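J.: Need coordinates for the below:
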Amino acid sequence: MSPQVSGEIVEILATPNTLIRAGDVLAKIDTTDYEIALNQAEESLKKAGQNVGAQTSNVTAAQAKVTNAVANYKNAQVQSRRIFTMVEKQVMSQADADNARAELTKAEAGVASAKADLAKAEERLGAQGENNTSIKSALLSLEQAQLNLQRTSITAPTDGVASNFRLKEGIYASAGQPIMTFISSEDVWIEAYFRENSLGNITAGDEVEFALDYAPGQVFKAKVGNIDYGIDWGQSEQTGKLAQI
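T.: Okay, the predicted model is just below:
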């Protein structure tokens, strides 16, 4: 058994070689750092939500400016047409026409500027709701913080017994480093050694019967799971080498 998070062992609940039920807590790691990380993740999510809210308001305001700029441009078009007509009839001067053209150009530029501001606001906002990049990132951080806090309780994966451990409160457990051996009572297997001549009569899936010294008079039934094609006669078993008998 290896913890999935690192930290100081603060409580040991498992008793060596005593039956444990699936889900029972074997040991607990100090939760202080992980509770802080969870609080930070929750605050980050709130902040992301507030930022999205503020950015949404910015988009709304930018959209309003676009609407206003378009209205001003349309009004400038109407006014300029009137002035141009009056100039043609020589009721107004050419200077009035020049001023009207300038106002029309200014109104057109105002529309372009307002639309550019709207595009920037929409880009900052990104996708809506939970699909927003900031929200998704904050949610993932929160999920990881919740998971890490949950992992501070090391639990039994199945019914079985914990063995070969000398844990003491106060020791530092590192993620991925074994701290005890857990023997499942739900998935039991036996490794048996046979001579080559005997292997000719054995195939995977065969029904078998076996007896154990500790249970005289009892016959147990099982199936052959697999047959290894070689064994290592060395004294130390290493990853990547043949299994030892």
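
J.: excluding its backbone neighbours, what's nearest Pro3?
T.: Closest residue in space to Pro3, ignoring its immediate chain neighbours: Ala173 at 4.9 Å, by Cβ to Cβ, 6 or more residues apart in numbering. Where you see a C-beta, it was placed from the backbone N, CA and C, and this is true even at glycine.

J.: As a check, name the ranges of all helices in the chain.
T.: 32-88, 94-125, 133-150, 196-199 (DSSP state H).

J.: quick one: average pLDDT of the shortest one?
T.: When pLDDT is averaged over helix 196-199, the result is 83.

J.: pretty sure the residue nearest to Pro3 contacts Ile179?
T.: Yes - with contact defined as Cβ atoms under 8 Å, Ala173 reaches Ile179; the gap is 5.5 Å.

J.: Find residues that contact each of those two.
T.: 3, 9, 27 (Cβ atoms under 8 Å, 6 or more residues apart in numbering).

J.: Top of those by number of neighbours, please.
T.: Highest neighbour count within the shared contacts of Ala173 and Ile179: Ala27, with 23 neighbours (other Cβ atoms under 10 Å).

J.: Now do the same contact list for that one.
T.: With Cβ under 8 Å, 6+ apart, Ala27 has these contacts: 9, 11-14, 154, 167, 173, 179.

J.: before we move on, back to that, so can I have JSON lines of the shared contacts of Ala173 and Ile179 showing distance to Arg82 and pLDDT?
T.: Shown next, in JSON lines, are these (distance: Cβ to Cβ, whole Å; pLDDT from 0 to 100):
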{"residue": "Pro3", "distance to Arg82": "81", "pLDDT": "93"}
{"residue": "Ile9", "distance to Arg82": "86", "pLDDT": "94"}
{"residue": "Ala27", "distance to Arg82": "86", "pLDDT": "94"}
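
J.: I'd like those residues laid out as a markdown table, including distance to Ala102.
T.: Conversion of those to a markdown table gives the following (distance: Cβ to Cβ, whole Å):
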| residue | distance to Ala102 |
| --- | --- |
| Pro3 | 74 |
| Ile9 | 79 |
| Ala27 | 80 |
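
J.: Can you flag which of the residues you listed belong to strands?
T.: Taking DSSP state E, the ones among these that sit in strands are 9, 27.

J.: I'd like to know which of the shared contacts of Ala173 and Ile179 is nearest to Ser80.
T.: Pro3 (76.2 Å; Cβ to Cβ).

J.: just checking, that closest one touches Tyr172?
T.: No - applying Cβ under 8 Å, one finds Pro3 not in contact with Tyr172, separated by 10.4 Å.

J.: related to what we said a few turns ago, and of the helices of the chain, who's closest to Gly225?
T.: helix 196-199 (14.5 Å).

J.: Let's see the pLDDT reported for the residue nearest the centre of the chain.
T.: Nearest to the mean C-alpha position of the chain, by Cα atoms, centre = their mean, lies Leu140 at 4.7 Å. Note for Leu140: predicted pLDDT of 84.

J.: same thing with Thr152?
T.: With respect to pLDDT, Thr152 scores 95.

J.: again with Ser236
T.: Confidence score, pLDDT, at Ser236: 62.

J.: got any ranges where the chain has weak pLDDT?
T.: Filtered on pLDDT under 70, the chain yields the residue ranges 59, 125-131, 232-245.

J.: ok, the residue of it positioned farthest from its centre to Leu149 distance?
T.: What lies farthest from the middle of the chain is Gln90; by Cα atoms, centre = their mean that is 74.1 Å. According to Cβ to Cβ, to the nearest Å, Gln90 and Leu149 sit 84 Å apart.

J.: With Ala61 instead?
T.: For Ala61, the distance to Leu149 equals 40 Å [Cβ to Cβ].

J.: Looking at the two, which is more packed in?
T.: The residue with more neighbours, out of Ala61 and Leu149, is Leu149; 19 against 12, by other Cβ under 10 Å.

J.: Which residues are in contact with the more buried one?
T.: Residues in contact with Leu149 (Cβ under 8 Å, 6+ apart) are 31, 34-35, 37-38.
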